[in-house]
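*Asks:* Pasting a predicted model and its sequence here:
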There are 2 protein chains.
Amino acid sequence: MDEREESQRPEDVAIAEERDDFPLETELDEDDRLKPDFVRDVIGLAEAGEGEAARERIGRLHPADIADLFELARSDERPMLAAVLGDMLSADVLAEMNDYVREELIDLLAPEQVAELASELDTDDAVAIIEDMEADEQQAVLEAMQPEDRAAIEDALSFPEESAGRLMQRDLVAVPEHVTVGDVIDRLREDADLTSDFWEIFVVDPMHRPVGSCQLSWILRTPRDIAISDVMRREQTLIPVDMDQEEVALRFQKYALISAAVVDKAGRLVGMITVDDIVHIIQEEAGEDILRLSGAGDGDINEPIRETYTARVRWLIANLGTALVASTIVGLFGGAIEQMVALAALMPIVAGVGGNAGTQTLAVTVRALAMNQLTDSNSWRAIWREMTIALLNGATIALVAGTATALWFANPTLGAVIGAAMIVNIFVAGVAGVAIPLLLDRLDQDPAVASSIFVTMTTDSMGFLAFLGLAVLSGLTTL
Amino acid sequence: MDEREESQRPEDVAIAEERDDFPLETELDEDDRLKPDFVRDVIGLAEAGEGEAARERIGRLHPADIADLFELARSDERPMLAAVLGDMLSADVLAEMNDYVREELIDLLAPEQVAELASELDTDDAVAIIEDMEADEQQAVLEAMQPEDRAAIEDALSFPEESAGRLMQRDLVAVPEHVTVGDVIDRLREDADLTSDFWEIFVVDPMHRPVGSCQLSWILRTPRDIAISDVMRREQTLIPVDMDQEEVALRFQKYALISAAVVDKAGRLVGMITVDDIVHIIQEEAGEDILRLSGAGDGDINEPIRETYTARVRWLIANLGTALVASTIVGLFGGAIEQMVALAALMPIVAGVGGNAGTQTLAVTVRALAMNQLTDSNSWRAIWREMTIALLNGATIALVAGTATALWFANPTLGAVIGAAMIVNIFVAGVAGVAIPLLLDRLDQDPAVASSIFVTMTTDSMGFLAFLGLAVLSGLTTL
């Protein structure tokens, strides 16, 4: 369907850049983002019915950029754009597209059209498109597919979401141990149906269990008569088919893998995962923490507003509940505040700085846990480290805030009280910021999801308790 | 130095996993992390002077796991461990190690030892080890190196930190356009000095400017007599040598690259970057946002305490300054609070929920900016979207908090006041949470660094102003 398909090369990916100049400079800015003018131009042409001109404008774009064009268009412009661009909205473009935007477009297509698009993709990309559909639509699409493609996708769908089984591709090159390098090269030249996107081949035993892997560069650098078993590396990192994609990503990252064999429970080679399918997972998983910590749900700007609202408001209501604890503590000191209203004015400082100190520790801990840097071997050391830093920070802030308050209110006792409250609160923030996520992790809960609400509750309540309590104890005010 | 070096294979990486069982199960847990018992065991053996036994225990580990062992050991145990493990602390292990831990160990070594280790690594890994050293030590190491290695590293160091020039490797395969597939294979077989870690070869013109690239699988699948120029892909993504590593990572991710040619200003091929060098950058950059938002500095648990303290306390002091704004606003309403101390008790709820709503929007915006999802094309749409969500959230929270307050204090007016304040504050939080990072981004500032302090200041101050102001306006209290 795409003119590039006729080319010799197995890939139809094309980004038209040459030599030292970047001829895409009218389309892309220096960060590889589509320029706003270009986006408006194309949409304008499409709206004006000048389909041919619009298609010509985007002709040089990479599928990832065409996908971006749809994401940057307004939701109500997308169906029109899809109609105008026609088959330039190819399977590759859909594979690169944001999930929510893709879903919108897929909803417009007939099951047969979706089936045709899915057939052109690797299984993992086809699954990504199909897995989010309603059960009945999914069924209709599968029924419209060729039996072979359909079987591969149904097989993939039989594995849990976000598992290696869904990510893997079934097209791979596996050879028995006894062949030579020459045999392998001949086979690769002869079999026209083979995939072209592979970077390693796998060597299997008669039970189809992987016994080694071989980078293509090793094959290319070895004489034809050498046995493949003398070239392959026996030690390899295998991926169990039911492994969670986050674990797969960490494994790829840790061992700097380009591709890896996926094995079933019996140890048989069932698929292959390549690093290009992993890169966006690494990105997503690393970025998810930031969103989970704030309770922002999926945090995708293309998510339907309804879903975003539900995700966030749930969190805000939980926050309302925990703020009630702090509020109750302040309520207990109502009389004390009435006598000395300056305390109320200083409360935001105690809560703000304490909360920030807690968030700092929390962010570091959640990050270290996600990167497998923090294990039972060094948990206590991490807690100890945070306590030390908290004491240093607490002492510094106490000095600054205490002195300023003493001078501002001409009341050294009040300065001492806020200083002491700061030390207590920043210390509590440090301990809570590291201990709460570690505890949640040990209880097999995601530390990024629930920690921040508990940490904020702790720092707010303890901050007010320390501050108002010390104010009473020091005789500044009475209950 | 390592017995594996004698093997046929060009790589000395080895993770001893076979078939369907994972024989490393005594060393690693299910998340590929070293088990605490194993770590204590090895350190115990090393401490007891049983070096041979300790070395045997870690014999099967991947360099990345040996690096982890050092990270999990206490700081004061690491020199002892390094002495005992000797040459098992290989160049590969150092390349995998956390920067701070590596620096500690490198400081213990003589320049000649560092030079020897660096010589064994790819230029990019050697540069990573050497670039953080003091100028005089760096000079001593460079002088101890072979002229050729030294030249490569000095060349790399001439590029800015975190640029493509530092990341790239100079070992690559480049062939002229006129050769055939057979010529390429013969050359690869003959030249023993060639690197083995490559996934694509580059085709260059007489000026050594890249004109195309060719996946190894294409070469393997093509008859010997075909010209390489008929196999290669002309369209390719080139990386300018001075490009920032974050841009390089985004480009790799966007176009799903495995490797890419690096070119100088004249468009000449000067190096190659492979995806395995990029994966950890993607991880780091994606995770950095979370740390920057909270002002936790580098946020590495191995960072010296002094540096962590400096980074964090600076942020807390800034926070103290902004909290002063909120504090001043509360101070203006001193009289009002004195008359109705329930206001003080409700203040933490207004500030807490508003702050959280701001953080949610902020996290989503910072993430979308980092992923190039948010550009001038859709900024206004994003602001509009956040305003809508904020109104929905605000109305919901106002209803819940307003009703609860009205009942709790048996005061419907107070309920209405807190409800209205919530709507205002969550709306302000939504607008600030999206507009402030967008504005900073447009001013070429990192939105992750400074946004959160401004957003919190805005939500705290506006929240208190709305709440206390409405309390006065509604006649609940007077100034």
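*Replies:* Received, thanks.

*Asks:* residue ranges for the helices of the stretch 101-250 of chain A, please.
*Replies:* All helices of the stretch 101-250 of chain A, identified by DSSP state H, counting those that start in this stretch, fall at A:111-119, A:123-130, A:135-143, A:147-157, A:164-167, A:181-190, A:216-220, A:228-231, A:245-254.

*Asks:* okay, now the residue of the stretch 151-300 of chain A found nearest chain B: neighbour count?
*Replies:* Closest residue of the stretch 151-300 of chain A to chain B, C-beta to the nearest C-beta: A:G267 (2.6 Å). Placement of C-beta: from N, CA and C, glycine included. Close neighbours of A:G267, defined as other C-beta atoms under 10 Å in any protein chain shown, add up to 18.

*Asks:* Repeat that for A:Q339.
*Replies:* Using other C-beta under 10 Å, A:Q339 is surrounded by 16 other residues.

*Asks:* per-residue confidence at it?
*Replies:* For A:Q339, the pLDDT comes out at 91.

*Asks:* In contact with it, which residues?
*Replies:* Counting by C-beta atoms under 8 Å, 6 or more residues apart in numbering or on different chains, A:Q339 touches A:T477, A:T478.

*Asks:* How much space separates it from A:T478?
*Replies:* To A:T478, A:Q339 is 7 Å away according to C-beta to C-beta, to the nearest Å.

*Asks:* Quick check: nearest residue in space to the residue of the stretch 51-200 of chain A found nearest chain B, chain neighbours excluded?
*Replies:* For the stretch 51-200 of chain A and chain B, the shortest gap (C-beta to the nearest C-beta) falls at A:L72, measuring 4.2 Å. Once flanking residues are discounted, A:L72 sits nearest to B:S377: 4.2 Å by C-beta to C-beta, 6 or more residues apart in numbering or on different chains.

*Asks:* Let me see the contact set for the nearest residue to A:E177 once chain neighbours are set aside.
*Replies:* The shortest distance from A:E177 to any residue other than its chain neighbours is 4.8 Å, reached at A:S229 (C-beta to C-beta, 6+ apart). With contact taken as C-beta under 8 Å, 6+ apart, A:S229 is in contact with A:E177, A:H178, A:V203, A:V211, A:G212.

*Asks:* Now render those as a markdown table, adding neighbour count.
*Replies:* Converted to a markdown table, the contacts of A:S229 look like this (neighbours: other C-beta atoms under 10 Å in any protein chain shown):
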| residue | neighbour count |
| --- | --- |
| A:E177 | 14 |
| A:H178 | 10 |
| A:V203 | 26 |
| A:V211 | 18 |
| A:G212 | 22 |
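
*Asks:* Looking at these, spot the one nearest B:D76.
*Replies:* Closest approach to B:D76 among the contacts of A:S229 (C-beta to C-beta): A:G212, at 41.3 Å.

*Asks:* where does the stretch 251-400 of chain A have low pLDDT?
*Replies:* Applying pLDDT under 70 to the stretch 251-400 of chain A flags no residue at all.

*Asks:* tell me the strands in it, going along the chain?
*Replies:* A:259-263, A:269-274 (DSSP state E, counting those that start in this stretch).

*Asks:* Of the ones you listed, give the one that comes closest to B:M80.
*Replies:* Set against B:M80 and scored by C-beta to C-beta, the strands of the stretch 251-400 of chain A come closest in strand A:259-263, at 35.3 Å.

*Asks:* Can you give the contact residues for the closest one?
*Replies:* If you take C-beta under 8 Å, 6+ apart as the criterion, strand A:259-263 is touched by A:164-165, A:168, A:172, A:198-200, A:202, A:209-210, A:213, A:236-241, A:251-252, A:269-275, B:20.

*Asks:* if we can go back for a sec, right, and the residue nearest to A:L72 touches A:R74 too?
*Replies:* No: contact criterion C-beta atoms under 8 Å: B:S377 and A:R74 do not qualify, at 9.5 Å.

*Asks:* which one of these two has more residues nearby?
*Replies:* More crowded of B:S377 and A:R74, by other C-beta under 10 Å: B:S377, with 22 against 11.

*Asks:* Which other helices and strands does the one helix or strand A:A404 maps to contact?
*Replies:* Per DSSP states H and E, A:A404 falls inside helix A:379-408. With contacts taken as 3 or more C-beta pairs under 8 Å, 6 or more residues apart in numbering or on different chains; DSSP states H and E, helix A:379-408 sits against helix A:342-370, helix A:412-442, helix B:305-332.

*Asks:* Show me what the last one is packed against.
*Replies:* Other helices and strands packing on helix B:305-332, by 3+ C-beta pairs under 8 Å, 6+ apart, are helix A:342-370, helix A:379-408, helix B:447-473.

*Asks:* Deepest in the core, which of those is it.
*Replies:* helix A:342-370 (a mean of 28; mean count of other C-beta atoms under 10 Å in any protein chain shown).

*Asks:* Is chain B within reach of it?
*Replies:* Yes: legend: contact between helix A:342-370 and chain B by C-beta under 8 Å from any C-beta of the partner chain is shown at A:342, A:344-349, A:351-353, A:355-357, A:359-364, A:366-368, A:370.

*Asks:* residue contacts, A:T26?
*Replies:* By C-beta under 8 Å, 6+ apart, the neighbours of A:T26 are A:K35, A:F38.

*Asks:* do you know how far it is from chain B?
*Replies:* Going from A:T26 to chain B by C-beta to the nearest C-beta, to the nearest Å gives 15 Å.

*Asks:* circling back: just put the helices and strands packed on helix B:305-332 in CSV and tack on distance to B:G182.
*Replies:* Below are the helices and strands packed on helix B:305-332 laid out as CSV (distance: least, C-beta to C-beta, whole Å):
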stretch, distance to B:G182
helix A:342-370, 48
helix A:379-408, 58
helix B:447-473, 52
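
*Asks:* what about the ones you listed, which gets the closest to B:E284?
*Replies:* The closest of these to B:E284 is helix A:342-370. By C-beta to C-beta, the value is 10.0 Å.

*Asks:* quick check: angle from that closest one to helix A:447-473?
*Replies:* Helix A:342-370 runs at 150 degrees relative to helix A:447-473, counting by axes from the mean of the first three to the mean of the last three C-alpha atoms, to 10 degrees.

*Asks:* relative orientation of helix A:342-370 and helix A:412-442 in degrees?
*Replies:* 30 degrees.

*Asks:* where does the stretch 101-250 of chain A come near chain B, residue by residue?
*Replies:* With C-beta under 8 Å from any C-beta as the criterion, the stretch 101-250 of chain A meets chain B at residues A:185, A:188-189, A:194, A:196-199, A:209-211, A:215-223, A:230-238, A:247, A:250.
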